[in-house]
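Novice: here are the coordinates; sequence isn't available:
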Ligand code: FPP
Ligand code: MG
């Protein structure tokens, strides 16, 4: 596997096994004995973080804060509602996204806006808005002046003449007569950060439109999937259209670093999807279990899920002019939360029914995918190797693999790994000044573990 930029340390938890504590970071991957790797991964983790000062002190007590936060949330204290903290922004999210997606072509207009009709979870925009509010209280970096200027430059103002762009949008705010006064945001969330939240949902939705074609999905968010409703061609083109409009909105944030981050997310999503076409790096017919399979899976998971969450958290902090340690903390929070989120997703695919999920359950094995529950089961059940190698294609493979996973501790190990990442996410933001938004971010990590769909 080649070293990849942007994929930071991905580690299995202390609570699993010592041998699984290897780094999955492709930047830092070394051929080493497990113990050496453990030392390396400890040394390399958060290399960009300050090593002394109040920041380091705060990080060192993070463990206690994490367990207190989780204890509070699980002992029935009044839990924080993350949605309430950014309710005003979230209220206008879908409407604003639809305004970005208007097309003069009626079928494209309908297909592009299709997934905005059903009630999505909007996890990514919610995290971006909470991160924007939480980092507004953090120390500012030298680029603060610039970010304030960018925020006031106008996120709807084109850079090129409109006559050149030739991109008519009948739904855009500029083509309506009245200014949208209601959707003005709280002063601690900048217009650029609100737009970033919308962009994350556009990129995510574009990836779902494409993913549903690749996965031959029949349902999404409790309704027929777009590929079923409009056919594969229109679903793919609608996804492309979303990416185009997301890119325009991104350019109008007028922040090159943020553009680089989010454009890389799009490339990461595709790379993650390509990695997912194989279950192991070598794609052998009869693979034997090794840590490399978990490493490969975690790398794929970073690219497919955690990249968008982590890089958009980082972008939110940058747009708000936060200082470098806060920008790093925002990224670390998003990366660990994203990994926890996908692990729980992969676990629910085994434990919940299709009706409960609002999309087909047990889809991963049907699609030939060996996710965390199966990878953990495989370690103690070598017979799973042949099934992994042939992507569960033979009759009875899916049922046999499922039965073996359910007999194993694969589900419990997946949950433990998700818990470890969620704890790391909470620890990463412990140096942030206390605020409702910070509590909201902590609660998002707790909710990620508790979610049932
Ligand atoms: C859902 O996975 C899919 C993703 C998180 C990313 C899919 C990425 C692509 C199709 C690459 C193209 C990307 C863009 C931006 C156009 P899942 O199948 O595990 O989840 P599901 O059960 O909700 O379908
Ligand atoms: Mg899918």
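Specialist: Perfect, thanks for sending it. Just so it is clear, the model here is predicted, and its values are computed rather than measured. Residues are numbered from 1 along each chain as shown. Ligands and ions are numbered 1, 2, ... in the order given.

Novice: from the stretch 151-300 of the chain, which residue is nearest to ligand 2?
Specialist: At 3.7 Å from ligand 2, residue 215 is the closest residue in the stretch 151-300 of the chain, using Cβ to the ion. In short, each C-beta sits where N, CA and C put it, glycine included.

Novice: tally of neighbours for that residue?
Specialist: 19 (other Cβ atoms under 10 Å).

Novice: now do residue 409
Specialist: Residue 409, neighbours per other Cβ under 10 Å, totals 15.

Novice: right, and residue 191 touches residue 157 too?
Specialist: No. Contact status for residue 191 versus residue 157: not in contact, 11.2 Å apart, counting by Cβ atoms under 8 Å.

Novice: Of these two, which one has the most company?
Specialist: The neighbour comparison of residue 191 against residue 157 (other Cβ under 10 Å) goes to residue 191, with 19 against 9.

Novice: residues in contact with the spatially closest residue to the more buried one that is not a sequence neighbour?
Specialist: Nearest in space to residue 191, with sequence neighbours left out and distances taken as Cβ to Cβ, 6 or more residues apart in numbering, is residue 155 at 5.3 Å. Shown in contact with residue 155 (Cβ atoms under 8 Å, 6 or more residues apart in numbering): 191, 192, 195, 249, 252, 253.

Novice: And residue 155, its phi and psi?
Specialist: phi -70, psi -10 (degrees, to the nearest 10).

Novice: check contacts around residue 404.
Specialist: 377, 381, 383, 384.

Novice: Residue 383: neighbouring residues, count only.
Specialist: 10.

Novice: hmm, the host helix or strand of residue 213 in reach of ligand 1?
Specialist: Following DSSP states H and E, one finds residue 213 within helix 191-214. Yes. Helix 191-214 lies within reach of ligand 1 by Cβ under 6 Å from any ligand atom, at 203, 206, 207, 210, 211, 214.

Novice: The fifth one is in contact with residue 225, isn't it?
Specialist: No. The pair residue 211 and residue 225 does not pass the contact test of Cβ under 8 Å, sitting 9.4 Å apart.

Novice: Residues that sit against both of these two, list them.
Specialist: residue 217.

Novice: Leaving out chain neighbours, which residue sits closest to residue 227?
Specialist: That would be residue 235: by Cβ to Cβ, 6+ apart, it lies 4.2 Å from residue 227.

Novice: do the same with residue 114
Specialist: With Cβ to Cβ, 6+ apart as the criterion, residue 114 has its nearest non-adjacent residue at 5.1 Å, and that residue is residue 226.

Novice: try residue 406
Specialist: residue 350 (7.3 Å).

Novice: and what of residue 89?
Specialist: Nearest non-adjacent residue to residue 89 (Cβ to Cβ, 6+ apart): residue 129, at 4.9 Å.

Novice: other SSEs contacting whichever strand or helix holds that neighbour?
Specialist: Element membership of residue 129 [criterion: DSSP H and E] is helix 123-135. Here helix 123-135 touches helix 82-85, helix 87-100, helix 191-214, helix 307-319, helix 324-351, helix 436-450, going by 3 or more Cβ pairs under 8 Å, 6 or more residues apart in numbering; DSSP states H and E.

Novice: what's the span of stretch 279-293 from first residue to last?
Specialist: Using Cα to Cα, to the nearest Å, one end of stretch 279-293 lies 8 Å from the other.

Novice: Report the buried residues of that stretch.
Specialist: For stretch 279-293, a neighbour-count test (16 or more other Cβ atoms under 10 Å) marks 279, 280, 287, 289, 291, 292, 293 as buried.

Novice: how about these in JSON lines, adding secondary structure, pLDDT and distance to residue 115?
Specialist: Below are the buried residues of stretch 279-293 laid out as JSON lines (DSSP: H, G, I helix; E, B strand; the rest coil; pLDDT from 0 to 100; distance: Cβ to Cβ, whole Å):
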{"residue": "279", "secondary structure": "coil", "pLDDT": "86", "distance to residue 115": "28"}
{"residue": "280", "secondary structure": "coil", "pLDDT": "86", "distance to residue 115": "32"}
{"residue": "287", "secondary structure": "coil", "pLDDT": "92", "distance to residue 115": "36"}
{"residue": "289", "secondary structure": "coil", "pLDDT": "94", "distance to residue 115": "38"}
{"residue": "291", "secondary structure": "helix", "pLDDT": "95", "distance to residue 115": "37"}
{"residue": "292", "secondary structure": "helix", "pLDDT": "94", "distance to residue 115": "36"}
{"residue": "293", "secondary structure": "helix", "pLDDT": "95", "distance to residue 115": "33"}
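
Novice: among these, which are in reach of ligand 1?
Specialist: Among the buried residues of stretch 279-293, no residue is within reach of ligand 1 (Cβ under 6 Å from any ligand atom).

Novice: Just flag the most distant two among those residues.
Specialist: Using Cβ to Cβ, the two most remote members of the buried residues of stretch 279-293 are 279 and 291, lying 14.5 Å apart.

Novice: Now do the residue of the stretch 351-453 of the chain found nearest ligand 2 against residue 346, distance only.
Specialist: Ligand 2 sits closest to residue 363 of the stretch 351-453 of the chain, with a gap of 6.6 Å, by Cβ to the ion. Residue 363 sits 11 Å away from residue 346, going by Cβ to Cβ, to the nearest Å.

Novice: Close to ligand 1: what parts of the chain are there?
Specialist: So far as Cβ under 6 Å from any ligand atom goes, the chain lies against ligand 1 at 203, 206-207, 210-211, 214-215, 217, 239, 243, 266, 269-270, 273, 304-305, 359, 363.

Novice: Please check these and keep the buried ones.
Specialist: Of the residues of the chain next to ligand 1, these count as buried by 16+ other Cβ under 10 Å: 203, 206-207, 210-211, 215, 217, 239, 243, 266, 269, 273, 304-305, 359.

Novice: right, and out of the residues you listed, which lies closest to residue 114?
Specialist: residue 239 (10.7 Å).

Novice: what's near enough to touch the closest one?
Specialist: 205, 206, 207, 208, 209, 210.

Novice: how does it look with 10 Å?
Specialist: Contacts here follow Cβ atoms under 10 Å, 6 or more residues apart in numbering; on that basis residue 239 touches 111-112, 115, 203, 205-213, 226.
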